[in-house]
Every structure is written in structure tokens, then in C-alpha cells.
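Asks: Here is the input, now give the coordinates:
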Amino acid sequence: MVHRRRRRRADAKKLVAKYHDPLLLASLELQSRLFNVTQQNLLAHVDDDEKKGLIFVYTAFLFGQFLSWTYILRREAQFLRFSTEKNNRQMSRTLGAISNVLYDDSNPGEGPFRLWKGQQMAIGEVMTRGDDQLYCIGYSTFSKEYKTKPEFRKWLIPVERGIQDLVHAGKQRDRVPTYRLRRLQHLLIDLITILDEDGEGEGRTRRGYVDAASGCDCNGCLSNKTRPRRKEAKRQIAAP
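Replies: Model prediction:
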């Protein structure tokens with residue numbers, strides 16, 4: 001029994017190490033895009049023909065990339081949630097919270113970017129390639145298939161519509177439709193902190209929090225309910 005637990009811990013550690021870097025990078029890139037969308041007025045460029053495609057397509061890619069690596073990890077690591085490693089258990093809980101934020105439909109006005117669990121899994125699946133060694137497709141392949149394969153693109157339609165909804169909400173100066181993305185960005189920061197405990201990894205200067213949304217359950221917001229909110233980290237740079 002003891003040997004089995006040790007074996008399980010060792011296997012979990014190896015698996016997390018194997019997918020650590022791509023999951024960290026995918027989390028960093030997605031949270032940075034969410035920062036730029038909700039905090040840096042990136043969508044003001046949506047009418048610019050040169051930037052419009054990048055805003056829609058690249059944002060869809062970043063969602064897909066993150067869901068692909070979480071799909072790969074979950075597919076190969078069902079046992080992670082049973083691991084005794086603190087970081088593994090925290091990572092499993094945080095990934096679950098991220099999935100919940102994406103499909104939660106309990107808050108009025110927060111419809112943009114809702115992805116049901118089946119949609120999340122489908123996006124992760126279509127973004128993933130390989131047999132023995134699974135990997136996420138790159139942006140060039142994604143862009144080509146997104147533009148030429150309707151059966152591929154259909155899974156990303158909620159992201160497309162989410163951008164359109166936020167553009168409309170911005171014209172109405174309505175911040176509520178951004179709340180899902182704000183909660184998601186905070187949880188991604190939680191995940192990044194777990195993956196990079198020392199804060200020395202890639203993108204360490206691009207981990208600022210967006211303004212909090214009501215009901216956010218990230219570690220920062222939960223801890224700050226009893227003390228003043230910490231200062232926002234260094235501003236991230238907006239780019240299509």
C-alpha cells in the first residue's frame with residue numbers, strides 16, 4: 001500500500017513536470033490577453049482591419065491553446081486529484097474552478113464567453129494532435145483551420161460572439177459582461193502562482209490583476225476580504 005502511494009506520487013510528479021512549461025505558457029498568454037481585453041481597451045481596435053483578425057482569431061487560439069493543454073493533462077492524469085502533493089491538489093482544484101467560471105450561467109448579464117463543459121472538452125480535443133505524444137497545434141495551423149474548416153471553427157463561436165458582445169457592452173459602458181473574464185483572469189493568476197512558486201518563470205512581469213469582479217473566489221480576492229487589496233502588479237502591455 002505504501003509502495004503504491006509512493007508510485008502514484010512519483011507518477012503525478014513526472015506528469016506535472018512533463019506538461020508544466022506548456023501549461024504555464026498557455027496560462028500566461030491567456031491571462032495577458034484577458035488583461036488587455038478587460039483592462040487595456042484592446043477591443044477599441046476591433047474596427048481596424050489590420051488588427052481585427054488578430055483580435056478575433058488570436059483570442060480564440062489562446063482559449064483553445066489553454067483548453068488543449070488542460071485536456072491533455074486531464075486525459076493523462078486522472079489520478080492527480082488523488083495525489084497527496086499539495087501543489088498537485090491545488091492545481092486540480094484551480095483547474096476545476098476555471099472550468100466552472102467558464103460555464104457558470106447564474107449571474108445576469110454575464111453571458112459572453114460562456115463555454116459549457118462539453119464545449120470546453122471539444123475545443124481541447126480539436127486543438128490536440130498526436131498519438132503517443134499529445135500536443136497542441138500552433139497558431140499557424142489553428143488560423144488556417146479556423147478560416148477553412150467550419151466543423152473546426154464552430155466550437156470557437158462562443159469566443160467570437162463573446163468579443164462581439166463585449167464590443168457592444170463597451171459602447172454602452174457596461175462592465176458586467178466582462179465579469180466572467182475578470183474572474184477567469186484572477187484564477188489563471190492563481191494557477192500561474194502554483195506552477196511557478198518562485199515567481200521566476202517566463203512572463204513574471206506580466207502578472208497584474210485586472211479589477212476584481214463581484215463574487216470572485218480566487219486566492220487573492222478571498223484573502224483580501226479581510227484586508228485592503230494589494231496593489232496591482234506592473235501594468236501589462238496591450239497588443240493584438
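Asks: what's near enough to touch residue 64?
Replies: The neighbours of residue 64, taking Cβ atoms under 8 Å, 6 or more residues apart in numbering as the test, are 123-124, 126-127, 136, 142, 156. Bear in mind the C-beta positions are built from the backbone N, C-alpha and C, glycine included.
Asks: Next SSE downstream of the helix or strand hosting residue 194?
Replies: Residue 194 belongs to helix 179-195 when assigned by DSSP states H and E. Using DSSP H and E, the helix or strand that follows helix 179-195 in sequence is helix 219-223.
Asks: Quick one: classify the nearest residue to residue 105 once chain neighbours are set aside as helix, strand or coil.
Replies: Among residues not flanking residue 105 along the chain, residue 114 sits closest, at 6.0 Å (Cβ to Cβ, 6 or more residues apart in numbering). The three-state assignment at residue 114 reads coil, by DSSP: H, G, I helix; E, B strand; the rest coil.
Asks: Surely residue 114 is in contact with residue 158?
Replies: Yes. If you go by Cβ atoms under 8 Å, residue 114 and residue 158 touch, sitting 6.3 Å apart.
Asks: between the two, who's got more neighbours?
Replies: A count of neighbours by other Cβ atoms under 10 Å puts residue 158 above the other of residue 114 and residue 158, at 21 against 16.
Asks: Can you find the helix or strand of this protein with the lowest average pLDDT?
Replies: Least confident element among the helices and strands of the chain, by mean pLDDT, DSSP states H and E: helix 2-39 (a mean of 81).
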